[in-house]
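Peer 1: only geometry, no sequence info:
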(Lines give C-alpha, C1' and ligand atoms only; values in the text may rest on other atoms or scores of the structure.)
Protein backbone atom coordinates (compact mmCIF):
# COMPACT_ATOMS: atom_id res chain seq x y z
CA UNK A 1 0.00 0.00 0.00
CA UNK A 2 1.30 3.44 -0.96
CA UNK A 3 2.30 5.93 1.73
CA UNK A 4 -0.40 8.31 0.52
CA UNK A 5 -3.07 5.63 0.95
CA UNK A 6 -1.87 4.88 4.48
CA UNK A 7 -2.04 8.53 5.39
CA UNK A 8 -5.54 8.73 3.96
CA UNK A 9 -6.67 5.70 6.01
CA UNK A 10 -5.08 7.18 9.13
CA UNK A 11 -6.91 10.45 8.60
CA UNK A 12 -10.21 8.60 8.07
CA UNK A 13 -9.64 6.51 11.23
CA UNK A 14 -8.78 9.55 13.34
CA UNK A 15 -11.78 11.37 11.95
CA UNK A 16 -14.03 8.47 12.78
CA UNK A 17 -12.71 8.45 16.34
CA UNK A 18 -13.28 12.16 16.68
CA UNK A 19 -16.86 11.80 15.44
CA UNK A 20 -17.86 8.49 17.09
CA UNK A 21 -15.88 8.79 20.31
CA UNK A 22 -18.11 11.44 21.87
CA UNK A 23 -21.20 9.53 20.66
CA UNK A 24 -20.03 6.32 22.34
CA UNK A 25 -19.11 8.25 25.47
CA UNK A 26 -22.52 9.94 25.54
CA UNK A 27 -24.31 6.62 25.10
CA UNK A 28 -22.27 5.05 27.87
CA UNK A 29 -22.94 8.02 30.14
CA UNK A 30 -26.69 7.86 29.38
CA UNK A 31 -26.78 4.10 30.04
CA UNK A 32 -24.85 4.52 33.30
CA UNK A 33 -27.08 7.40 34.44
CA UNK A 34 -30.27 5.42 33.67
CA UNK A 35 -28.93 2.31 35.43
CA UNK A 36 -28.14 4.45 38.47
CA UNK A 37 -31.63 5.97 38.38
CA UNK A 38 -33.27 2.55 38.14
CA UNK A 39 -31.18 1.29 41.06
CA UNK A 40 -32.29 4.27 43.15
CA UNK A 41 -35.94 3.56 42.28
CA UNK A 42 -35.48 -0.08 43.22
CA UNK A 43 -33.99 0.86 46.59
CA UNK A 44 -36.88 3.24 47.19
CA UNK A 45 -39.31 0.48 46.29
CA UNK A 46 -37.63 -1.97 48.68
CA UNK A 47 -37.82 0.56 51.51
CA UNK A 48 -41.51 1.20 50.83
CA UNK A 49 -42.13 -2.57 50.80
CA UNK A 50 -40.60 -2.84 54.26
CA UNK A 51 -42.87 -0.04 55.50
CA UNK A 52 -45.86 -1.94 54.09
CA UNK A 53 -44.75 -5.06 55.96
CA UNK A 54 -44.63 -3.10 59.21
CA UNK A 55 -48.11 -1.60 58.67
CA UNK A 56 -49.60 -5.01 57.94
CA UNK A 57 -47.88 -6.55 60.96
CA UNK A 58 -49.46 -3.87 63.15
CA UNK A 59 -52.90 -4.57 61.68
CA UNK A 60 -52.47 -8.29 62.29
CA UNK A 61 -51.46 -7.71 65.92
CA UNK A 62 -54.62 -5.68 66.56
CA UNK A 63 -57.00 -8.00 64.71
CA UNK A 64 -59.23 -9.96 67.08
CA UNK A 65 -59.20 -13.28 65.29
CA UNK A 66 -57.06 -15.53 63.12
CA UNK A 67 -55.75 -14.49 59.71
CA UNK A 68 -53.99 -16.11 56.79
CA UNK A 69 -52.48 -13.64 54.33
CA UNK A 70 -50.58 -13.59 51.04
CA UNK A 71 -49.81 -10.28 49.33
CA UNK A 72 -47.63 -10.27 46.23
CA UNK A 73 -46.10 -7.60 44.01
CA UNK A 74 -46.75 -9.30 40.65
CA UNK A 75 -43.93 -7.47 38.86
CA UNK A 76 -41.09 -8.21 41.26
CA UNK A 77 -42.61 -11.37 42.83
CA UNK A 78 -42.06 -9.95 46.32
CA UNK A 79 -44.34 -11.59 48.84
CA UNK A 80 -45.63 -10.75 52.29
CA UNK A 81 -47.27 -13.68 54.01
CA UNK A 82 -48.64 -14.62 57.39
CA UNK A 83 -49.99 -18.07 58.27
CA UNK A 84 -50.33 -18.73 54.57
CA UNK A 85 -50.58 -22.50 55.04
CA UNK A 86 -53.10 -22.35 57.92
CA UNK A 87 -56.39 -24.11 57.16
CA UNK A 88 -59.56 -22.01 57.14
CA UNK A 89 -63.13 -23.06 56.32
CA UNK A 90 -63.31 -21.98 52.70
CA UNK A 91 -66.97 -20.82 52.66
CA UNK A 92 -67.74 -19.30 49.25
CA UNK A 93 -64.05 -18.90 48.45
CA UNK A 94 -64.35 -22.55 47.31
CA UNK A 95 -66.26 -21.22 44.31
CA UNK A 96 -62.98 -19.94 42.85
CA UNK A 97 -61.40 -23.41 42.41
CA UNK A 98 -64.84 -24.80 41.44
CA UNK A 99 -64.98 -22.26 38.60
CA UNK A 100 -61.49 -23.32 37.50
CA UNK A 101 -62.51 -26.98 37.56
CA UNK A 102 -65.65 -26.26 35.52
CA UNK A 103 -63.58 -24.54 32.84
CA UNK A 104 -61.19 -27.50 32.82
CA UNK A 105 -64.20 -29.83 32.37
CA UNK A 106 -65.14 -27.73 29.34
CA UNK A 107 -61.64 -28.12 27.88
CA UNK A 108 -61.75 -31.87 28.47
CA UNK A 109 -65.12 -32.13 26.72
CA UNK A 110 -67.00 -33.27 29.82
CA UNK A 111 -69.43 -30.35 29.60
CA UNK A 112 -70.21 -27.49 27.22
CA UNK A 113 -70.60 -23.86 28.20
CA UNK A 114 -73.84 -23.60 26.21
CA UNK A 115 -75.38 -26.71 27.80
CA UNK A 116 -78.88 -25.98 29.14
CA UNK A 117 -79.49 -26.90 32.79
CA UNK A 118 -82.97 -26.93 34.35
CA UNK A 119 -83.44 -25.50 37.85
CA UNK A 120 -85.14 -27.98 40.21
CA UNK A 121 -86.45 -27.50 43.73
CA UNK A 122 -83.87 -30.02 44.97
CA UNK A 123 -81.08 -27.78 43.63
CA UNK A 124 -82.00 -24.86 45.83
CA UNK A 125 -79.82 -23.87 48.76
CA UNK A 126 -80.34 -21.05 51.23
CA UNK A 127 -77.93 -18.16 51.57
CA UNK A 128 -76.58 -15.90 48.86
CA UNK A 129 -77.94 -15.73 45.33
CA UNK A 130 -81.21 -15.22 43.47
CA UNK A 131 -81.85 -18.70 42.06
CA UNK A 132 -83.30 -19.98 45.33
CA UNK A 133 -86.26 -17.64 44.80
CA UNK A 134 -86.92 -18.59 41.17
CA UNK A 135 -89.56 -21.02 40.00
CA UNK A 136 -88.43 -24.55 39.09
CA UNK A 137 -88.14 -25.25 35.39
CA UNK A 138 -86.16 -22.14 34.47
CA UNK A 139 -83.13 -23.03 32.36
CA UNK A 140 -79.60 -21.64 32.44
CA UNK A 141 -76.46 -22.36 30.46
CA UNK A 142 -73.39 -23.68 32.26
CA UNK A 143 -71.65 -20.37 31.46
CA UNK A 144 -74.51 -18.41 33.07
CA UNK A 145 -74.33 -20.62 36.17
CA UNK A 146 -70.57 -20.01 36.46
CA UNK A 147 -71.22 -16.27 36.28
CA UNK A 148 -73.94 -16.42 38.94
CA UNK A 149 -71.75 -18.60 41.17
CA UNK A 150 -68.89 -16.09 41.18
CA UNK A 151 -70.42 -12.69 40.47
CA UNK A 152 -73.35 -13.12 42.89
CA UNK A 153 -71.87 -15.98 44.95
CA UNK A 154 -75.08 -17.88 44.21
CA UNK A 155 -75.24 -21.06 46.30
CA UNK A 156 -77.89 -22.72 44.13
CA UNK A 157 -75.88 -22.12 40.94
CA UNK A 158 -72.87 -23.64 42.71
CA UNK A 159 -74.92 -26.69 43.68
CA UNK A 160 -76.16 -27.15 40.11
CA UNK A 161 -72.59 -27.03 38.76
CA UNK A 162 -71.42 -29.44 41.48
CA UNK A 163 -74.18 -31.86 40.44
CA UNK A 164 -73.06 -31.68 36.82
CA UNK A 165 -69.34 -32.36 37.28
CA UNK A 166 -69.41 -34.22 40.62
CA UNK A 167 -67.61 -33.70 43.91
CA UNK A 168 -65.06 -36.42 43.13
CA UNK A 169 -64.10 -34.70 39.87
CA UNK A 170 -63.79 -31.33 41.61
CA UNK A 171 -61.55 -32.81 44.30
CA UNK A 172 -59.30 -34.49 41.73
CA UNK A 173 -58.95 -31.22 39.79
CA UNK A 174 -58.04 -29.34 42.97
CA UNK A 175 -55.17 -31.78 43.43
CA UNK A 176 -54.09 -31.57 39.79
CA UNK A 177 -53.97 -27.76 40.01
CA UNK A 178 -51.53 -27.99 42.91
CA UNK A 179 -53.98 -26.95 45.64
CA UNK A 180 -52.40 -29.14 48.29
CA UNK A 181 -54.59 -28.00 51.20
CA UNK A 182 -57.94 -27.36 49.50
CA UNK A 183 -60.68 -29.96 49.80
CA UNK A 184 -64.38 -30.31 49.01
CA UNK A 185 -65.95 -32.65 51.57
CA UNK A 186 -69.51 -31.36 51.10
CA UNK A 187 -71.52 -29.07 48.88
CA UNK A 188 -70.57 -25.45 49.52
CA UNK A 189 -73.87 -24.44 51.15
CA UNK A 190 -74.78 -27.72 52.83
CA UNK A 191 -74.97 -26.23 56.31
CA UNK A 192 -76.50 -29.39 57.80
CA UNK A 193 -73.31 -31.32 57.06
CA UNK A 194 -71.24 -28.35 58.21
CA UNK A 195 -73.00 -28.40 61.57
CA UNK A 196 -72.13 -32.10 61.83
CA UNK A 197 -68.44 -31.24 61.51
CA UNK A 198 -67.96 -31.93 57.78
CA UNK A 199 -66.08 -28.91 56.46
CA UNK A 200 -64.40 -27.61 53.33
CA UNK A 201 -60.97 -26.06 53.86
CA UNK A 202 -58.44 -23.98 51.99
CA UNK A 203 -55.41 -21.78 52.65
CA UNK A 204 -54.27 -18.33 51.56
CA UNK A 205 -51.32 -20.04 49.88
CA UNK A 206 -53.55 -22.25 47.69
CA UNK A 207 -55.87 -19.44 46.66
CA UNK A 208 -52.90 -17.16 45.89
CA UNK A 209 -51.39 -19.89 43.70
CA UNK A 210 -54.64 -20.20 41.75
CA UNK A 211 -55.04 -16.46 41.30
CA UNK A 212 -51.47 -15.98 40.14
CA UNK A 213 -51.86 -18.72 37.54
CA UNK A 214 -55.00 -16.99 36.31
CA UNK A 215 -53.15 -13.65 36.18
CA UNK A 216 -50.18 -15.17 34.31
CA UNK A 217 -52.65 -16.85 31.89
CA UNK A 218 -51.20 -20.24 32.83
CA UNK A 219 -54.28 -21.83 34.44
CA UNK A 220 -55.42 -24.59 32.07
CA UNK A 221 -54.95 -22.38 28.99
CA UNK A 222 -54.57 -18.72 28.08
CA UNK A 223 -58.17 -18.53 26.83
CA UNK A 224 -59.71 -20.18 29.91
CA UNK A 225 -57.51 -18.11 32.25
CA UNK A 226 -58.90 -14.99 30.60
CA UNK A 227 -62.45 -16.31 31.03
CA UNK A 228 -61.78 -16.77 34.76
CA UNK A 229 -60.37 -13.25 34.99
CA UNK A 230 -63.37 -11.71 33.22
CA UNK A 231 -65.79 -13.43 35.59
CA UNK A 232 -63.81 -12.37 38.67
CA UNK A 233 -63.82 -8.74 37.51
CA UNK A 234 -67.65 -8.80 37.60
CA UNK A 235 -67.82 -9.65 41.32
CA UNK A 236 -70.67 -7.66 42.88
CA UNK A 237 -69.75 -8.08 46.56
CA UNK A 238 -67.32 -5.19 47.06
CA UNK A 239 -67.29 -4.56 50.81
CA UNK A 240 -63.78 -5.90 51.41
CA UNK A 241 -60.78 -5.55 49.03
CA UNK A 242 -62.29 -2.74 46.91
CA UNK A 243 -63.96 -0.93 49.83
CA UNK A 244 -61.39 1.86 50.34
CA UNK A 245 -59.90 1.85 46.84
CA UNK A 246 -60.74 4.44 44.16
CA UNK A 247 -63.85 3.43 42.22
CA UNK A 248 -61.97 3.33 38.92
CA UNK A 249 -59.51 0.68 40.14
CA UNK A 250 -60.22 -2.74 38.62
CA UNK A 251 -60.36 -5.65 41.08
CA UNK A 252 -60.83 -9.29 40.07
CA UNK A 253 -61.76 -11.12 43.25
CA UNK A 254 -63.91 -13.65 45.12
CA UNK A 255 -65.31 -13.31 48.62
CA UNK A 256 -66.25 -15.87 51.24
CA UNK A 257 -68.58 -15.35 54.19
CA UNK A 258 -70.05 -17.82 56.64
CA UNK A 259 -70.52 -18.13 60.36
CA UNK A 260 -67.25 -17.01 62.01
CA UNK A 261 -65.30 -16.76 58.73
CA UNK A 262 -64.79 -13.86 56.32
CA UNK A 263 -62.48 -13.90 53.30
CA UNK A 264 -61.58 -12.02 50.15
CA UNK A 265 -58.95 -12.87 47.57
CA UNK A 266 -58.14 -11.23 44.29
CA UNK A 267 -55.95 -9.22 41.95
CA UNK A 268 -55.85 -5.43 42.01
CA UNK A 269 -54.89 -3.70 38.76
CA UNK A 270 -53.12 -0.43 39.55
CA UNK A 271 -51.53 2.04 37.12
CA UNK A 272 -48.31 1.76 39.18
CA UNK A 273 -48.35 -2.06 39.31
CA UNK A 274 -50.63 -5.05 39.83
CA UNK A 275 -50.79 -6.98 43.08
CA UNK A 276 -52.35 -10.11 44.46
CA UNK A 277 -54.03 -10.09 47.86
CA UNK A 278 -55.57 -13.02 49.76
CA UNK A 279 -56.87 -12.48 53.28
CA UNK A 280 -58.67 -15.30 55.08
CA UNK A 281 -60.05 -14.69 58.56
CA UNK A 282 -61.74 -16.53 61.38
CA UNK A 283 -63.30 -14.64 64.26
CA UNK A 284 -65.59 -14.92 67.28
CA UNK A 285 -67.40 -11.63 66.75
CA UNK A 286 -71.21 -11.39 66.45
CA UNK A 287 -70.78 -10.17 62.86
CA UNK A 288 -68.08 -9.85 60.22
CA UNK A 289 -67.74 -6.05 60.16
CA UNK A 290 -64.33 -6.02 61.89
CA UNK A 291 -63.01 -8.71 59.53
CA UNK A 292 -64.28 -6.89 56.45
CA UNK A 293 -62.59 -3.67 57.58
CA UNK A 294 -59.37 -5.55 58.36
CA UNK A 295 -59.31 -6.94 54.81
CA UNK A 296 -60.16 -3.53 53.35
CA UNK A 297 -57.33 -1.82 55.24
CA UNK A 298 -54.82 -4.44 54.10
CA UNK A 299 -55.86 -3.77 50.50
CA UNK A 300 -55.67 0.00 51.00
CA UNK A 301 -52.17 -0.12 52.51
CA UNK A 302 -50.95 -2.28 49.62
CA UNK A 303 -52.53 0.01 47.04
CA UNK A 304 -50.94 3.04 48.77
CA UNK A 305 -47.53 1.34 48.54
CA UNK A 306 -47.84 1.31 44.75
CA UNK A 307 -49.26 4.81 44.47
CA UNK A 308 -46.28 6.42 46.21
CA UNK A 309 -43.80 4.86 43.80
CA UNK A 310 -42.20 7.10 41.14
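Peer 2: It's in. What you see is a predicted model; the values in this text were computed from it and never measured.
Peer 1: Which SSE is immediately downstream of the helix or strand residue 43 falls within?
Peer 2: Using DSSP states H and E, residue 43 sits in helix 3-62. Moving toward the C-terminus from helix 3-62, the next helix or strand (DSSP H and E) is strand 65-73.
Peer 1: Neighbouring strands of that following strand in the sheet, and parallel or not?
Peer 2: strand 78-82 (antiparallel), strand 273-283 (antiparallel) (DSSP bridges).
Peer 1: helices and strands around the next helix or strand after the first one, which ones?
Peer 2: I take that to be strand 78-82. Downstream of strand 78-82, the first helix or strand assigned by DSSP H and E is strand 88-89. Judged by 3 or more Cβ pairs under 8 Å, 6 or more residues apart in numbering; DSSP states H and E, strand 88-89 is in contact with strand 201-202, strand 261-270, strand 273-283. For glycine as for every other residue, the C-beta is placed from the backbone atoms N, C-alpha and C.
Peer 1: between these, which gets nearest to residue 222?
Peer 2: For residue 222, the closest of these is strand 261-270, at 16.1 Å, according to Cβ to Cβ.
Peer 1: in stretch 282-291, what's buried?
Peer 2: 282-283, 288, 290-291 (16 or more other Cβ atoms under 10 Å).
Peer 1: ok, now stretch 195-204?
Peer 2: 199-204.
Peer 1: So of those residues, which two are at opposite extremes in space?
Peer 2: Across the buried residues of stretch 195-204 (Cβ to Cβ), the longest gap, 16.8 Å, separates 199 and 204.
Peer 1: just the strands paired with strand 65-73: most buried one?
Peer 2: strand 273-283 (a mean of 24; mean count of other Cβ atoms under 10 Å).
Peer 1: contacts for the helix or strand just after that one?
Peer 2: Following strand 273-283 in sequence order, the next helix or strand is helix 289-307 (DSSP H and E). When contacts are defined by Cβ atoms under 8 Å, 6 or more residues apart in numbering, helix 289-307 is touched by residues 48-49, 51-52, 55-56, 59, 63-65, 67, 69, 71, 239-245, 249, 262-264, 268, 270, 272-273, 275, 277, 279, 281, 283, 285.
Peer 1: Of these, keep whichever come out buried.
Peer 2: Buried, going by 16+ other Cβ under 10 Å: 49, 52, 55-56, 59, 63, 65, 67, 69, 71, 239-242, 245, 262-264, 268, 270, 273, 275, 277, 279, 281, 283, out of the contacts of helix 289-307.
Peer 1: on that earlier part again, any idea which of the buried residues of stretch 282-291 is closest to residue 161?
Peer 2: Closest to residue 161, out of all of these and judged by Cβ to Cβ, is residue 288, at 25.5 Å.
Peer 1: which residue sits closest to that closest one in space, ignoring its chain neighbours?
Peer 2: Spatial nearest neighbour of residue 288, chain neighbours left out: residue 262 (4.1 Å); criterion: Cβ to Cβ, 6 or more residues apart in numbering.
Peer 1: Show the contacting residues for that neighbour.
Peer 2: 240, 256, 281, 283, 288, 291-292, 295.
Peer 1: Closest one to residue 97 out of the residues you listed, please.
Peer 2: Nearest to residue 97 among the contacts of residue 262, with distances taken as Cβ to Cβ, is residue 256, at 11.7 Å.
Peer 1: what are the phi and psi angles of that closest one?
Peer 2: phi -150, psi 130 (degrees, to the nearest 10).
Peer 1: Check residue 92 too.
Peer 2: Torsion angles, degrees, to the nearest 10, at residue 92: phi -80, psi -10.
Peer 1: ok, how many other residues are close to it?
Peer 2: Other residues lying near residue 92 total 26 when counted by other Cβ atoms under 10 Å.
Peer 1: Tell me which residues touch it, please.
Peer 2: 128, 153, 155, 158, 188, 254-258.
Peer 1: swap in residue 269?
Peer 2: 249-252.
Peer 1: Report pLDDT for it.
Peer 2: According to the prediction, residue 269 has pLDDT 97.
Peer 1: what stretches of the stretch 51-200 of the chain score poorly on pLDDT?
Peer 2: Within the stretch 51-200 of the chain, no range satisfies pLDDT under 70.
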